[in-house]
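> Quick one, structure for this:
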Amino acid sequence: MAKLSQSMNLSQTLRMTPQLQQAIKLLQMSRLEMETQVRKELDENPILEEAQELKEEDLQRTKEAADTVETPAESQDQDPQKHDEFEWESYLENQQKPPQQNFGGNEEIMNYENVISTTESLYDHLLWQAKMNGFNEEEMVQAEILINYIDDDGYITTPLEEIAATESTTKEELEGTLKFIHEFDPPGVGARNLQECLLIQAKFLEEDTNDLVHLIAHHIKDLEKKNYEGIAKAMGRDIREIAEMCKIIYSMDPKPGRAYAPADTQYVTPDVYVYKVGDDYMVSLNEDGLPRLKISNFYKNMLKQSGNEKTQEYIQEKLRSAVWLIKSIHQRQRTIYKVTDSIVKHQRDFFDKGAAFIKPMVLRDIAADIGMHESTVSRVTTAKYVHTPQGIFELKYFFNSGINTTDGESLASESVKLKIKELIAKEDPKSPYSDQQIVELLLKDGIEIARRTVAKYRDVLKILPSSRRKKIF
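Numbering: from 1, shown residues only. Purely as a prediction, here's the structure:
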């Protein structure tokens, strides 16, 4: 006879509510994206209204509306779905204080989960694939060299012989590694000309038949002119067959790298300002242009007066959504303020003296200081900008790894990039510094750095290799 028994297990699960998703998205958004989203919410949610100033009577109305939404205790017991999900009182109390006076606490109101929101560059995408490809150390060196020479369109336009001579390697070694890079995403990347790019993509599409390969290899000019009759005659094929093959080729991307190209230049409006007042720095949020939201008094009265159950449910739902949006915006601004204030404390030398004096700093440093998760700091520093006495910078700019110096100190990678930029700016254009020469010059200043790191920083700075910087006249 089977024995029946009961057991109870305690487990923790992640509940990603739509409201939390909205809060995370707001935190990740740029200023322009958030303003657009708020305008959209104003159009779609009749409970929300825009106010120039949130006056005391508006706050009281919001509080009364929020109290109206809460279900009586006995009704909550019967219907768990109607439990109040928000900290109405806490939110309203916070809203009655000037935001910047309330940003000093260490609590993190919203549990922002690990959500990544970044735009990956072509260089980063290729380097990640190289690291995942199982290359040995020497092959990895060759792969990094080649990736550094791939332009924004996805091509290697510098001859391999020239790259080999500049980078102290051999053409044969580069060719051996280039075969593997031709298998990377996006298809066609690493090609040296249009024909090679299309042939690589044909292989990816499994369309590399003899006729298609022959067409690409020998009739590229006619292909560009759509001279189907000329191609058909030269290949001895029916024009309809040629047209079908050309359709396949036209579906390919002649510039595979452009999917990862940086977006067009956009003018930046700072999210936050840092001013110097006497010997101290003050942090001030930029609230200009951001709609100030309040709860509609009209719908609050309707909620009290309407006896229609469906109408009440609709207003309650929209009211919850509205208050959560206001709370999410407040939390976003609060987090930006706290992160910026902490950055100012950690990077005082930068604010006093400039970019050359920026210190190594990682997400953990700020997260530990303000009592928030590293993922939250990561999200709030992306696509958010600060106006400082040294210029406008993305908050992400202040986070950088350290590089050891010969005297045992640690120098920020941003400072090293600046030194590389200065060295190249002062070089003789007829005899530019190779990456190895830059390594040796930095070592004289006490900075130990590998040649491939110099190449990586040079690429980040959009500085061409020495062979392409050289000027004859």
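> where does the stretch 201-350 of the chain dip in pLDDT?
Where the stretch 201-350 of the chain drops to pLDDT under 70, the residues are 262-267, 306-307.
> Could I get the full set of strands for it?
Here the stretch 201-350 of the chain has its strands, by DSSP state E, counting those that start in this stretch, at 272-277, 280-285, 293-295.
> Comparing those, which comes out most buried?
The densest packing among the strands of the stretch 201-350 of the chain, expressed as mean neighbour count by mean count of other Cβ atoms under 10 Å, is seen in strand 293-295 with a mean of 23. (Glycine included, C-beta is placed from N, CA and C.)
> helices or strands up against it?
strand 48-50, helix 56-69, helix 309-346 (3 or more Cβ pairs under 8 Å, 6 or more residues apart in numbering; DSSP states H and E).
> quick one on the thing from earlier: now the strands of the stretch 201-350 of the chain as JSON lines including distance to Leu126?
What follows is these, written out as JSON lines (distance: least, Cβ to Cβ, whole Å):
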{"stretch": "strand 272-277", "distance to Leu126": "34"}
{"stretch": "strand 280-285", "distance to Leu126": "38"}
{"stretch": "strand 293-295", "distance to Leu126": "44"}
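> Identify whichever of the ones you listed lies nearest to Lys338.
Lys338 lies closest to strand 280-285 among the strands of the stretch 201-350 of the chain, at 9.1 Å (Cβ to Cβ).
> May I have the strands that pair with the closest one, each with its orientation?
If you go by DSSP bridges, strand 280-285 pairs up with strand 272-277 (antiparallel).
> Figure out how far the partner strand is from the centre of its chain.
Relative to the chain's own centre, strand 272-277 is displaced by 25 Å; criterion: Cα atoms, centre = their mean, to the nearest Å.
> can you list the domain ranges for this protein.
Each structural domain of the chain that the record assigns through automatic domain parsing is listed here as a residue range: 17-118+265-399, 122-260, 402-469.
> ok, then the element right after the host helix or strand of Leu441?
Using DSSP states H and E, Leu441 maps to helix 435-444. The element immediately downstream of helix 435-444 (helix or strand, assigned by DSSP H and E) is helix 451-460.
> What is the helix or strand just after that following helix packed up against?
Past helix 451-460, heading to the C-terminal end, the next element that is a helix or strand (DSSP H and E) is helix 466-469. Counting contacts by 3+ Cβ pairs under 8 Å, 6+ apart, the secondary-structure elements packed against helix 466-469 are helix 160-167.
> Can you point out the buried residues in the helix it packs on?
For helix 160-167, the buried set under the neighbour-count rule, 16 or more other Cβ atoms under 10 Å, comprises 160, 163-164, 166-167.
> List just the nearest of those residues to Glu422.
Thr166 (21.3 Å).
> In space, what's closest to Leu32 - neighbours in sequence excluded?
Excluding the flanking residues, the one nearest Leu32 by Cβ to Cβ, 6 or more residues apart in numbering is Thr269, at 7.4 Å.
> Please apply the same query to His373.
Counting by Cβ to Cβ, 6+ apart, His373 lies nearest to Ala367, which is 6.2 Å off, once chain neighbours are set aside.
> So which bits of the helix holding Leu441 are buried?
435, 437-439, 441-442.
> Now distance to Phe350 too, for the residues you listed, in TSV please.
Conversion of the buried residues of helix 435-444 to TSV gives the following (distance: Cβ to Cβ, whole Å):
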residue	distance to Phe350
Asp435	27
Gln437	29
Ile438	24
Val439	26
Leu441	24
Leu442	21
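> list the contacts for His214?
Met235 (Cβ atoms under 8 Å, 6 or more residues apart in numbering).
> I'd like the distance between it and Met235.
Using Cβ to Cβ, to the nearest Å, we find His214 at a distance of 7 Å from Met235.
> any common contacting residues for these two?
Once Cβ under 8 Å, 6+ apart is applied, it turns out that His214 and Met235 contact no residue in common.
> What lies in contact with stretch 158-178?
The contact list for stretch 158-178, computed with Cβ under 8 Å, 6+ apart, reads 135, 138-139, 141-143, 145-146, 149, 156, 190, 192, 434-436, 455, 465-468.
> what's the spacing between it and its chain's center?
33 Å.
> Show me where the stretch 1-150 of the chain dips below the pLDDT cut-off.
Low-confidence regions of the stretch 1-150 of the chain, defined by pLDDT under 70, span residues 1-20, 52-120.
> Try it again at 50.
By pLDDT under 50, the low-scoring segments of the stretch 1-150 of the chain are 2, 11-15, 54-55, 59, 62-63, 65-118.
> thinking again about what came up before, looking at the strands of the stretch 201-350 of the chain, which is nearest to Asp459?
It is, among the strands of the stretch 201-350 of the chain and with distance given as Cβ to Cβ, strand 272-277, at 30.2 Å.
> just the angle between the closest one and helix 309-346, please?
40 degrees (axes from the mean of the first three to the mean of the last three Cα atoms, to 10 degrees).
> quick revisit: for Gln21, which of the strands of the stretch 201-350 of the chain is the nearest?
If you check each of those against Gln21 by Cβ to Cβ, strand 293-295 wins as the nearest, at 19.2 Å.
> Quickly run through the sheet partners of that closest one, with directions.
Using DSSP bridges, the strands paired with strand 293-295 in its sheet are strand 48-50 (antiparallel).
> which other residues reach the strand it pairs with?
41-42, 291-296, 322, 325.
> so how far is Gln305 from the residue nearest to Gly354 when sequence neighbours are not counted?
Spatial nearest neighbour of Gly354, excluding adjacent residues (Cβ to Cβ, 6+ apart): Gln390 at 5.6 Å. Separation of Gln390 from Gln305 (Cβ to Cβ) stands at 57 Å.
> residue contacts, the residue nearest to His373?
For Ala367, the residues meeting the contact criterion (Cβ under 8 Å, 6+ apart) are 373-374, 376-377.
> Three-state assignment for it, please.
Here Ala367 is recorded as helix under DSSP: H, G, I helix; E, B strand; the rest coil.
> And the contacts of strand 48-50, which is closest to Ile420?
Lowest distance from Ile420 to the contacts of strand 48-50 (Cβ to Cβ) belongs to Pro291, with 43.8 Å.
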